[in-house]
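In: sequence first, then the predicted structure, then my questions.
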Amino acid sequence: MRDHLTTLEARPSRRDLLAGAAALSATAAYSAALAQGVGDLAALPHTAGGYLFFTDAEATAVEAMVDRLIPAGGVGPGAIEAGVPTFLDRALRAGYGLGEGQYLEGPFQAGTPEQGYQLPLEPHQLYRVALADIADWAQAVHGAPFAELPPATQDDALRLMQSGDMALANLPAALFFGTFWFDVRTAYFSDPIHGGNRDMAAWRMVGFPGAYTDLRPYLSADTAIEIEPVSLAQVLNLEER
Amino acid sequence: MARTLPRTDAVIVGFGWTGAIAAKELTDAGLSVVALERGPAYGQDDFATRRMHDGLTYSVRGGLATPLDRVTLTFRNNGDQTALPMRRIGSFNPSQGFGGSGNTWSGHSPRAYPSDFVLRSHYTERYGADIFPEHMTSQDWGVTWDEVEPGYDRFEKVAAVSGTAGNVRGERREGGNPYEGERSDDFPLPAFERNRPGRLFIETAQSMGLNPFPVPVANASEAYTNAYGVEMGRCVLCGHCPGFACAYQAKGSPVNSVIPAIGGDFEARSECEVLRIERAEDGRTVTGVTYLSPAGEELFQPADIVILGAYAFENVRLLLLSGIGAAYDPATGEGVVGRNYSYQTLANVEAFFEGEAMNPQIAGGSQGTILDDYQSDNFDHAQALVDGRPFIGGGFIGPFNLGADPITYHPTAPGSPPWGAGWKEAVVAGYQNRVGINVHASVQSYRGNYLDLDPTYRDAYGRPLLRMTFDFPDNEQRMMRFLMDRAEEIAREMGASQVRANGLKVPYDITVYQTTHNVGGTAMGADPGTSVVNTALQHWDAHNLFVLGGSVFPQNVGVNPTPTIAALAYHSLGRLTGEYLSDPRPLDA
């Protein structure tokens, strides 16, 4: 916790990173940021590619899945434009993906649904195994990678995954879907400092003001309040000045 | 072999609410005190930043929580199952570090009721002994309202509790809770204005002849200098409250309200894991505690008095690991440590108001509006039959807006698509037009709901994890059906266009967050055959060991437990400093 805060304080300002990113090719920008630690990458704008955890094949499948779960158009941003795959890629390499704060000691055995997750896999391993299983399933059932299936077929596949009716080789499909859909929504709505919710568009969609502080003046409102949201990236730069 | 440190008058295990209150009261009494805390040394400066508005880090990832890879527990619904570890944050989420769960609570501070403390005798007198189901082990606490009330008053003036009183020295006050036990004084701060769901709930409930009121809350409605002389800030309704530490020093907490006032001969040591409490050869006292330093060195801290003030689970586990008191055996009903573990029942009715804006973002602990017409024994249980039978207990009903960070709050109306373009539209609507009418109620104690040491799974230090065996019995299921029906009536009367009732989930499911209101396992009482500590919270088998915290509840009340935990701590510490120091002995002999 304290180390995490220290890391945040030591960061170069977002403005510097953005200027740097604009001046370099995407790959070079990521390399430069990588030299500063994984955390800095979260502050970079989403760029297609440049994944650190996902393989190319995994990234293609993940992008296709999140594009169906939260498609572009309509009332708010799609998952791709919000940077959801980037968030997931970074999170799986960081504490969350490595099982930080989760109990992973054995022995391992199946329990009741009420006892919860009992697999020996850290989240990054769960993703790796599940994405390989899903690729195998798509190939076996449809003869093509998930990303190349028609949208309606992709939706059907996601529904099978959610209901647990998709037979995967190593994992209960519903278990992965539950984790994945939770992580996708987390990516979509978290402060942009973590790599998703780009331009706070998901916050604007619902009217959440983010790290805004004093909401007392609005308490008596009977209609929807409108406040320009504030991200931690903006606020922390101000605090550090 | 542990290295022995210089002795201290008192050593405190755990530096959350009860540990901090104990440190303050004992140093004020002139004692030298050492507090040991397993988590980091948080102070106000760590929290006075808008980093505290980071929903991912705190609300989702549990940045202030006790990491499960360090210590978790195992769980099963009944003794026929094999308990398995809680591997991810689920049903409850205690915090660690200076301040403990006091950093991350929402501040809800309702008092329990006078009849709650004499539950067994009160129900027996009013309804007859037959109302108690077989295997229900709920009991009297051994203390009465008049003994506990001064502690509530003290806590409210320390934690900056803002509220509207209903009964001050017998005088009925409008707008407050008409059922509340007689108060010796008003709240130190007035209640906040109500948000839109609160206003709507009050108007509707009053039209139905019910008695809604603002939930008392340890969020300062105005800048406040508390009973310890600590200056606290004013709550700004920032919407980042439970799960987060307060960035504005406005939430009553050990860090904001108590620790800055501790003086005298005092030292708090962070990142120290207490391994066990050491028994004396006389068999009647303890000698101190053995713990691991941050560098992993085993140290023995001798002390004349040991205060066990950790979260309920760790209080129970440390007594079991230290072999102090008889472990409970559900097969025989004998033994006391781990007996009478209980929880609370949480459910809700979601009311959707098409086209309306409820502004859920304007939030904090203060934005709870409840009614206690179906709480405790405020209603005639002989008339509240479910399946033709009465139940024991009750709870409150009402809307809360504790925070609306969309990571964890993006409700959708019944019939909405689970994902896709339609889901996005449903989230936009549901975020604004949904009001959750919460039901939060008691859980009685039962012979088969208990805590013991797990035979298989270990913590990061190689010690057995605690094992929880727990489910919601029939009494609690019927009580919740009654309360949910009342909540649904109110939601419909409020004019909701759609209503969804999410009743109590049975079997109890440890994977879904419900509440961090785990209590019992070291019950207090007047009978050493059914309690671990006496009415002064002094261990029956070791008179210089005092146990503070939710673990002393013999069963759970229908209200949030923190004010009662604190009130009992003040009661215990008053007897410790007033009766024990001058003549150390069993106080209830």
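Out: Done, it's in.

In: check contacts around the residue nearest to A:Phe54 when sequence neighbours are not counted.
Out: Closest residue to A:Phe54 apart from its sequence neighbours, by C-beta to C-beta, 6 or more residues apart in numbering or on different chains: A:Asp89 at 5.3 Å. For every residue, glycine as well, the C-beta is placed using N, CA and C. Shown in contact with A:Asp89 (C-beta atoms under 8 Å, 6 or more residues apart in numbering or on different chains): A:Tyr51, A:Leu52, A:Phe53, A:Phe54, A:Ala59.

In: hmm, 10 Å instead?
Out: Listed by C-beta atoms under 10 Å, 6 or more residues apart in numbering or on different chains, the contact set of A:Asp89 reads A:41, A:50-54, A:58-59, A:62, A:83, A:97, A:127, A:187, A:195.

In: in PyMOL, select just the buried ones from these.
Out: To isolate in PyMOL the members of the contacts of A:Asp89 that are buried, counting by 16 or more other C-beta atoms under 10 Å in any protein chain shown, one can use:
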select buried, chain A and resi 41+50+51+53+54+58+59+62+83+97+127+187+195
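
In: export the contacts of A:Asp89 to JSON lines and append columns for secondary structure.
Out: Shown next, in JSON lines, are the contacts of A:Asp89 (DSSP: H, G, I helix; E, B strand; the rest coil):
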{"residue": "A:Leu41", "secondary structure": "helix"}
{"residue": "A:Gly50", "secondary structure": "coil"}
{"residue": "A:Tyr51", "secondary structure": "coil"}
{"residue": "A:Leu52", "secondary structure": "coil"}
{"residue": "A:Phe53", "secondary structure": "coil"}
{"residue": "A:Phe54", "secondary structure": "coil"}
{"residue": "A:Glu58", "secondary structure": "helix"}
{"residue": "A:Ala59", "secondary structure": "helix"}
{"residue": "A:Val62", "secondary structure": "helix"}
{"residue": "A:Gly83", "secondary structure": "coil"}
{"residue": "A:Gly97", "secondary structure": "coil"}
{"residue": "A:Tyr127", "secondary structure": "helix"}
{"residue": "A:Ala187", "secondary structure": "helix"}
{"residue": "A:Gly195", "secondary structure": "coil"}
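
In: if we can go back for a sec, now the residue nearest to A:Phe54, what's its secondary structure?
Out: With three-state DSSP as the basis, A:Asp89 sits in helix.

In: just the buried positions in the longest helix along chain B, please.
Out: The residue-count maximum for a helix in chain B (DSSP state H) belongs to helix B:474-493. Neighbour counts using 16+ other C-beta under 10 Å place B:475-480, B:482-484, B:486-488, B:490-491 of helix B:474-493 among the buried residues.

In: may I see the buried residues of the helix or strand that it is followed by?
Out: Going down the chain from helix B:474-493, the next helix or strand is strand B:498-502, by DSSP states H and E. Residues of strand B:498-502 classed as buried by neighbour count (16+ other C-beta under 10 Å): B:Gln498, B:Val499, B:Arg500.

In: quick one: strands adjacent to strand B:498-502?
Out: Strands that pair with strand B:498-502, judged by DSSP bridges, come out as strand B:345-352 (antiparallel).

In: for the strand it pairs with, the averaged confidence score.
Out: Mean per-residue pLDDT for strand B:345-352: 98.

In: cool, and stretch A:69-88?
Out: Stretch A:69-88 shows a mean pLDDT of 97.

In: just the C-alphas of that stretch, formatted as CSV.
Out: Provided in CSV are the C-alpha atoms of stretch A:69-88 (Å, rounded to 0.1, in the frame of the first residue of the first chain):
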residue,chain,number,x,y,z
LEU,A,69,-19.9,-7.2,-24.4
ILE,A,70,-19.7,-3.4,-24.6
PRO,A,71,-20.1,-2.4,-28.2
ALA,A,72,-19.3,1.1,-29.6
GLY,A,73,-22.1,3.5,-30.6
GLY,A,74,-25.3,4.5,-28.8
VAL,A,75,-25.3,6.1,-25.3
GLY,A,76,-21.6,5.7,-24.4
PRO,A,77,-18.2,4.5,-25.4
GLY,A,78,-17.5,0.9,-26.5
ALA,A,79,-15.0,-1.2,-24.6
ILE,A,80,-12.3,-0.8,-27.2
GLU,A,81,-12.4,3.0,-27.4
ALA,A,82,-12.5,3.0,-23.5
GLY,A,83,-9.2,1.1,-23.4
VAL,A,84,-10.6,-2.0,-21.7
PRO,A,85,-8.1,-4.4,-23.3
THR,A,86,-5.2,-2.2,-22.3
PHE,A,87,-6.4,-2.1,-18.7
LEU,A,88,-6.8,-5.9,-18.6
